[in-house]
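Trainee: got a sequence here, can you model it:
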Amino acid sequence: MKSKIWTQLSAMMFLEFFIWGSWFVTMGIYLPAALEASGAESALAYATQSWGAIVAPFIIGLIADRYFNAERIFGLLHLVGGVLMVFLARAETFAVFYPYVLGYMILYMPTLSLANSICFYQLTDPAKQFSFIRVFGTIGWILAGLSISFIFGWDSPEGMAQGALRNTFYLAAGASFLLGLLSFILPKTPPQGKGSGKTSIRDLLGLDALNLLKDRNYGIFFAASVLICIPLAFYYQHAGQFIGEIGVSNPAGKMTLGQFSEILFMLLLPFFFKRFGFKNTIIVAMLAWFLRYVCFTYGDAGEGVWLVLTGIALHGICYDFFFVSGQIYTDHKAGPAIKSAAQGLITLATYGVGMLIGFWVAGKLTDEFALGPNAHQWDQIWIYPAGFALLVMLLFALLFKNEDVSYEH
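Mentor: Presented below is the predicted three-dimensional model:
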């Protein structure tokens, strides 16, 4: 790959996840502190991620695969998203905040799939090359969080008292405008679905990507993607709360272990993927999900703190080996005419349907085992996602037939 293209794609991934990490992590603190939002309202705000992911395939199928270059749509979405981020920063009540965050996530979630499509169009060997570009997204997420905490101090007690967390939305807006402008000089990714003849509503909505589900193996993978994201939602929604409640010091700092491990395993992924194949890579990811929740079940803030930290550090395997491998597999299975829509389909399965169910289930279980406002029976809660992840892993191992995921050029 030319060094110029590698630099452009890496910068794109860096800003893509810098934007998300700038505001999404601290929104759970910002909403009750600045807007006096209830727990239910905060859950509604986080669920916009899933609604955006559900809508994403239709936006992509409507325009990205048939009519316009992916990088141009990508840039336009980020420019409009930057405007919505400014409105989010200025919202004074949750009633005003919610429509903007919903609109923003409907625009942002398709950009995840578009970023993948832009990369895969340029790569000659995605199984080997993609992770070395995607790792810059993780670096962007980490630097966003570290900037908020250690450079600007917006989440410090003093910053919180001054309402400084509002600036996280301005930070995301600035990065969105920058990425939106840079998108127009990204490598050209023309639509692959153009063709002669009449265009049907099915074509316009990108529903041809659903044909992937007729492939037995891909159908099994799709179902596994939905199911495994149910226990994943427990981690995103409650891991930080769990660490803080049991008395582990500096919980926000400890949680960054997960992102640092992402970098390590993102770099190891191509070698593991080539050596052991797609099926074994996915099984290892699901096993890590199970082990993570076992660690949380038996960990504590004393002698068992190493179990808690191990559970966090397993996030790199959980995320990279499953999500990134799944994106590579989806690109391999999709034909050239539906590459963008296919990436939108897997985004719908994971960030959309799976995590939407998972957020709801996690909230119900956490309320069921509540001992008070800031106390829960966490050893009972974590048993459920652990058992569910193990069940999904066993079913996938039994039903999915191993296949070679390679590219010919």
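
Trainee: and the residue nearest the centre of the chain, how far from F359?
Mentor: Centre of the chain computed as the mean C-alpha position; nearest residue by Cα atoms, centre = their mean is Y351, 6.3 Å away. Using Cβ to Cβ, to the nearest Å, Y351 is found at 11 Å from F359. Glycine gets a C-beta too; all of them are placed from N, C-alpha and C.

Trainee: please enumerate the helices of the stretch 301-409 of the chain.
Mentor: Taking DSSP state H, counting those that start in this stretch, the helices of the stretch 301-409 of the chain run over residues 305-313, 315-316, 325-333, 339-347, 355-368, 378-381, 383-399.

Trainee: quick one, domains of this protein?
Mentor: The record's domain parsing of the chain by automatic domain parsing lists 1-188, 208-409.

Trainee: residues near N402, how many?
Mentor: For N402, the tally of surrounding residues (other Cβ atoms under 10 Å) stands at 11.

Trainee: what's the first helix or strand after the lowest-mean-pLDDT helix or strand in the chain?
Mentor: One helix or strand of the chain scores below all others by mean pLDDT, DSSP states H and E: helix 201-204, with a mean of 55. Per DSSP states H and E, helix 201-204 leads on to helix 216-245 as the next helix or strand towards the C-terminus.

Trainee: anything in contact with each of Y351 and F359?
Mentor: S50 (Cβ atoms under 8 Å, 6 or more residues apart in numbering).

Trainee: quick one on the thing from earlier: could I get the pLDDT score of the nearest residue to the residue nearest to the centre of the chain once chain neighbours are set aside?
Mentor: Nearest residue to Y351 in three dimensions, chain neighbours excluded: A53, at 3.7 Å (Cβ to Cβ, 6 or more residues apart in numbering). Reading off the confidence values, A53 has pLDDT 85.

Trainee: what's the neighbour count on A53?
Mentor: 28.

Trainee: surely it meets I346?
Mentor: No. Counting by Cβ atoms under 8 Å, A53 does not reach I346; the two are 9.7 Å apart.

Trainee: what average pLDDT does the longest helix belonging to the chain get?
Mentor: Under DSSP state H, the helix in the chain containing the largest number of residues is helix 251-298. For helix 251-298, the mean per-residue pLDDT is 89.

Trainee: which strands and helices lie in contact with it?
Mentor: Helices and strands touching helix 251-298, by 3 or more Cβ pairs under 8 Å, 6 or more residues apart in numbering; DSSP states H and E, are helix 126-146, helix 216-245, helix 305-313, helix 315-316, helix 325-333, helix 378-381, helix 383-399.

Trainee: on contacts alone, who are the packing partners of the second one?
Mentor: The elements that helix 216-245 packs onto, with contact taken as 3+ Cβ pairs under 8 Å, 6+ apart, are helix 251-298, helix 305-313, helix 325-333, helix 339-347, helix 355-368, strand 375-376, helix 378-381, helix 383-399.

Trainee: repeat the analysis, applying 7 Å as the threshold.
Mentor: On a contact count with 3 or more Cβ pairs under 7 Å, 6 or more residues apart in numbering; DSSP states H and E, helix 216-245 meets helix 251-298, helix 325-333, helix 355-368, helix 383-399.

Trainee: next one: the third one
Mentor: Contacts defined by 3+ Cβ pairs under 7 Å, 6+ apart place helix 305-313 against helix 251-298.

Trainee: off-centre distance for the helix it packs on?
Mentor: How far helix 251-298 lies from its chain's middle: 14 Å, per Cα atoms, centre = their mean, to the nearest Å.

Trainee: and if you look at stretch 306-317?
Mentor: With Cα atoms, centre = their mean, you get 18 Å for stretch 306-317.

Trainee: tell me which residues of it come out buried.
Mentor: Under the neighbour-count criterion of 16 or more other Cβ atoms under 10 Å, stretch 306-317 has 307-317 buried.
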